[in-house]
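Return a 3D structure for these sequence lines:
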Amino acid sequence: MTVSAEHIGSTAKALKLDPDVPRRLTEPSQPRTVPVRLHLLGSEPIYVSTQESARDLERTDRAYDAVTTVTAA
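From the prediction side, this is the model:
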């Protein structure tokens, strides 16, 4: 699944981020080569600089999923 511009925009707005930030992360670059898939961003890979960053983001993504599941119930 490709993340749409609308999805990136709405996710960025929900997180109070500039929409260009998550959009730029969807492409690998010299400092960002470690892929991580987040449910919050449609499970498309984004690229971060370290395995530690990837683990932190995955942990946060799982916590967000848990909170939204409980809130929706």
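
in the chain, which spans are strands?
Ranges of strands in the chain, per DSSP state E, are 34-37, 45-48.

mind checking how far residue 40 is from residue 64?
Distance from residue 40 to residue 64, counting by C-beta to C-beta, to the nearest Å: 6 Å. For every residue, glycine as well, the C-beta is placed using N, CA and C.

returning to that earlier point: wait, which of the strands of the chain is closest to residue 60?
Nearest of the strands of the chain to residue 60, taken as C-beta to C-beta: strand 34-37 at 10.5 Å.

Show me what the mean pLDDT comes to for that closest one.
Strand 34-37 comes out with an average pLDDT of 93.

got the buried residues for it?
Under the neighbour-count criterion of 16 or more other C-beta atoms under 10 Å, strand 34-37 has 34, 36 buried.

got JSON lines for the strands of the chain, with distance to residue 18 too?
Below are the strands of the chain laid out as JSON lines (distance: least, C-beta to C-beta, whole Å):
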{"stretch": "strand 34-37", "distance to residue 18": "20"}
{"stretch": "strand 45-48", "distance to residue 18": "15"}
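
Figure out which of those is closest to residue 16.
Nearest of the strands of the chain to residue 16, taken as C-beta to C-beta: strand 45-48 at 17.7 Å.

now for that closest one, which elements pack on it?
Helices and strands touching strand 45-48, by 3 or more C-beta pairs under 8 Å, 6 or more residues apart in numbering; DSSP states H and E, are helix 20-25, strand 34-37, helix 51-72.

chain center to the shortest one: distance?
This points to strand 34-37. Between the centre of strand 34-37 and the centre of its host chain there is 9 Å, according to C-alpha atoms, centre = their mean, to the nearest Å.

Which strands border that strand, and is each parallel or antiparallel?
strand 45-48 (antiparallel) (DSSP bridges).
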